[in-house]
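> Fold the following.
(one chain, ligands or ions: 1)
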Amino acid sequence: MPDRPVRTRIAPSPTGMMHIGTARTALFNWLYARHTGGKFLMRIEDTDRERSTEEAVQVIFDGLKWLGLEADEEPVFQFVRADRHREAVDDLLARGAAYRDYMTPEELEAERELARAEGRVVRSPWRDASPNDAPDRPFVVRLKAPQDGETLVQDAVKGEVRFQNSHLDDLILLRTDGTPTYNLAVVVDDHDMGITHVIRGDDHLNNAARQTLIYQGLGWDVPVWAHLPLIHGPDGAKLSKRHGAQSVTDFEAMGYLPETMRNYLAKLGWGHGDDEIFSDEQAIAWFDIVDVVSAPARLDWAKLNHLNNHYIRQAEPVRLAGLVEKVLASRDWPLEAGDIAVIERTIPFVRDGAKTIPELADAVVFALKRRPLELPEKAQAAMTEEMLARLSRLREALGALPHWDVRDLEAAIRAFAEREGVGIGKFGPQLRAVLSGGAPAPDLAGAMVALTREESLGRLDDALSRPA
Ligand code: GLU
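Purely as a prediction, here's the structure:
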C-alpha cells in the first residue's frame with residue numbers, strides 16, 4: 001500500500017435497519033481513521049432499488065449520528081455512479097482484462113451442467129474468442145481472471161488467505177442490461193474514494209479475492225483488507241432478533257447510551273488488555289486493526305449493562321432527564337411543565353442502580369407523583385394513631401431544619417429516632433411510603449432532597465391530614 005493518509009469507509013446497504021454488526025464495523029473504521037489521523041468515509045450501497053428507500057437510507061444516517069460516528073466527508077451513493085462503473089469496464093476491456101461473453105441462457109445452462117459434472121467452474125468459450133467474431137446479441141462482460149496460481153488476500157485480521165484461481169470463475173462485471181455488478185461497483189467506488197483500508201465483516205472475505213482480481217485487472221493498488229469476525233449472541237449463534245436486540249435502534253430503545261455502545265462494541269473483537277471501561281480518546285490512542293481477534297465475538301448482556309450503568313452515572317443529569325422524559329412520554333405518563341426539572345433533580349439520587357434509561361425512568365417516577373399521593377394498602381394499614389403522632393412530631397422536626405440537604409436530613413432523622421427511643425425501622429418505611437406513594441425511591445434523605453422541602457413536607461402533611 002502506498003504511503004498515503006489512511007481513508008476508511010463504512011459501506012452499508014440500506015435494508016431498513018442498521019445491524020449492530022454494521023455499527024461495530026463503522027466503529028472500527030472510525031477508530032482506525034482517528035488513530036492514524038486519516039478520514040472515515042461513508043458510502044450507501046443503494047443498488048437494490050426496492051430496498052433502498054429514502055427511509056431505509058435515513059435509518060443508517062440516524063444510526064451513525066446517534067452512535068457519534070459521522071463521516072468526515074459527504075456520503076457517496078453507489079447507484080448513481082453506474083456510468084463510472086461502466087467506464088471502468090471499458091477500461092478493463094481495452095486492457096484485455098475483461099471480455100464480452102455472448103453465451104445464450106441455454107448455452108450457459110449447458111456449460112453449468114457440464115462444469116458441475118467435471119468438477120470445475122464455468123468457463124466461457126468467448127474468453128479467448130476474437131472480438132471480430134462477436135455476434136449481434138446480448139452479452140455480459142466478464143473479468144478475464146487468471147485460471148491458475150492463486151490469489152492471495154493478505155488480511156490484517158485473518159492473516160494470509162489463499163484462493164485457488166482455478167476455483168474462481170470469470171466473474172460478471174456488467175449484466176446483459178448493462179448494469180454493474182456488486183463486486184465491480186465496490187472496487188471502483190473504493191478506488192475513487194481513495195480508500196486505503198477496507199475494514200468490514202468477514203462475510204465479505206470471499207469477495208476480497210474477487211475484488212483483488214478486479215483491482216489487478218485495472219492496474220490499481222489493492223487496499224489493505226481487514227475482515228472482522230461476526231457478532232454472535234450469548235448462545236454462540238449469529239446475532240439475530242431472537243437474541244432480544246439486533247439493530248442500533250433496538251439498543252437505543254432499550255435505553256443504552258451511545259458512549260456505552262462505542263465502548264462495548266469496541267470490545268467485541270478488539271480489546272486493550274483487561275481494560276473494560278475506556279474513553280473514545282483512549283480507544284483511539286490504542287486501536288489497531290492488527291489487534292482485532294479473528295474468533296467471533298459474543299454479546300454479553302451483563303457486561304453491556306454494567307457498562308451502561310457506568311455511563312449513566314457519568315452523564316450530565318440534564319441529558320439523562322431528556323431521555324427519561326422520552327421514555328415516560330412513550331408510557332403515556334401525564335407529563336407537565338416543570339417535570340423535566342424534577343427529573344433532572346432526582347437523577348443524581350437514583351442513578352447508581354440504573355442499568356438502562358427505562359430503569360432510570362422507573363426510579364424517578366416517585367418524584368413525579370402528584371399530591372395527594374395514594375398510600376399503598378399496607379402503608380395505609382400501618383397508619384395507626386401512634387404512627388400518626390410520631391410522623392407529626394417528625395414533620396415538625398423536619399420543618400424546623402434550616403438546611404435541606406442530605407447530611408442535615410440524615411442527622412435529623414437519626415436524632416429524631418434517638419429522641420423517640422426507637423430504631424429508624426419503626427417509622428422510616430412509613431415515611432418512605434408517604435414520600436413515594438409506594439414507588440421505588442432512594443434512601444430517605446436523598447428522596448427528600450430530590451423532592452424539595454416544600455414537596456416533602458406537603459406529602460407528609462397530606463398523609464397526616466388524611467382520615468385514618
Ligand atoms: N454493502 C455491504 C454490506 O452492507 C458492505 C460492503 C463492503 O463493506 O465492502 O454488507
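
> low pLDDT regions in the chain?
In the predicted model, the chain carries pLDDT under 70 at residues 1-2, 467-468.

> Show me what from it comes close to the ligand.
Within the chain, the positions lying close to the ligand (CB under 6 Å from any ligand atom) are Ala11, Pro12, Ser13, Glu45, Val186, Arg200, His204. C-beta coordinates here come from the backbone N, C-alpha and C atoms, glycine included.

> nearest residue to the third one other than its sequence neighbours?
Distance criterion CB to CB, 6 or more residues apart in numbering; nearest residue to Ser13, sequence neighbours excluded, is Glu45 at 4.4 Å.

> If we go by neighbour counts, what in the lengthiest helix in the chain is buried?
What stands out as the longest helix in the chain, according to DSSP state H, is helix 20-36. Neighbour counts using 16 or more other CB atoms under 10 Å place 20-36 of helix 20-36 among the buried residues.

> still on that earlier bit, the residue nearest to Ser13: neighbour count?
Here the number of neighbours of Glu45 (other CB atoms under 10 Å) works out to 18.

> so who does it touch?
For Glu45, the set of contacting residues under the criterion of CB atoms under 8 Å, 6 or more residues apart in numbering consists of Ala11, Pro12, Ser13, Pro14, Gln78, Tyr182, Ala185, Val186.

> Go through the residues you listed and flag which are in helices.
Those of the contacts of Glu45 lying in helices (DSSP H): Tyr182, Ala185, Val186.

> now, which of those residues sits nearest the ligand?
The shortest separation between the ligand and any of the ones in helices among the contacts of Glu45 is 5.0 Å, and it belongs to Val186 (by CB to the nearest ligand atom).

> In the stretch 151-300 of the chain, what residue lies closest to the ligand?
Taking CB to the nearest ligand atom, the stretch 151-300 of the chain has Arg200 as its residue nearest the ligand, at 3.6 Å.

> Not counting sequence-adjacent ones, nearest residue to that residue?
By the measure of CB to CB, 6+ apart, the closest residue to Arg200 outside its immediate chain neighbours is Thr25, 5.6 Å from it.

> What separation is there between the one you found and Leu64?
Remark: distance between Thr25 and Leu64 (CB to CB, to the nearest Å) = 11 Å.

> Pull up the overlap in contacts between those two.
Contact with both Thr25 and Leu64 is made by residues Ile10, according to CB under 8 Å, 6+ apart.

> Show me the helices in the stretch 151-300 of the chain, by range?
182-192, 205-218, 248-253, 258-266, 280-286 (DSSP state H, counting those that start in this stretch).

> thinking again about what came up before, sitting in strands, which of the residues of the chain next to the ligand do you find?
Helix and strand membership here follows DSSP state E; of the residues of the chain next to the ligand, those in strands are Arg200.

> Take the residues of the chain next to the ligand and write them to JSON lines, including distance to His85.
Listed next are those as JSON lines, based on distance: CB to CB, whole Å:
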{"residue": "Ala11", "distance to His85": "14"}
{"residue": "Pro12", "distance to His85": "19"}
{"residue": "Ser13", "distance to His85": "16"}
{"residue": "Glu45", "distance to His85": "12"}
{"residue": "Val186", "distance to His85": "10"}
{"residue": "Arg200", "distance to His85": "19"}
{"residue": "His204", "distance to His85": "18"}
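
> Tally up the residues packed near Glu344, please.
By other CB under 10 Å, the residues close to Glu344 number 20.

> Surely it and Glu316 touch.
No: contact status for Glu344 versus Glu316: not in contact, 9.1 Å apart, counting by CB atoms under 8 Å.

> Can you tell me the element Ala321 falls in?
Taking DSSP states H and E as the criterion, the element that holds Ala321 is helix 317-330.

> which residues does the residue of the stretch 151-300 of the chain closest to the ligand bridge with?
According to DSSP bridges, His227 are recorded as the beta-bridge partners of Arg200.

> Tell me, how many residues neighbour it?
Per other CB under 10 Å, the neighbour tally for Arg200 reads 25.

> Now do the contacts for it.
The contact partners of Arg200, taken as CB under 8 Å, 6+ apart, are Ala11, Thr25, Ala226, His227, Leu228.

> By neighbours, which of those wins?
Leu228 (28 neighbours).

> thought that residue was touching Arg24?
Yes: with contact defined as CB under 8 Å, Leu228 counts as touching Arg24 (7.1 Å).

> Find residues that contact each of the two.
When contacts are counted by CB under 8 Å, 6+ apart, Leu228 and Arg24 have Gly269 as shared neighbours.
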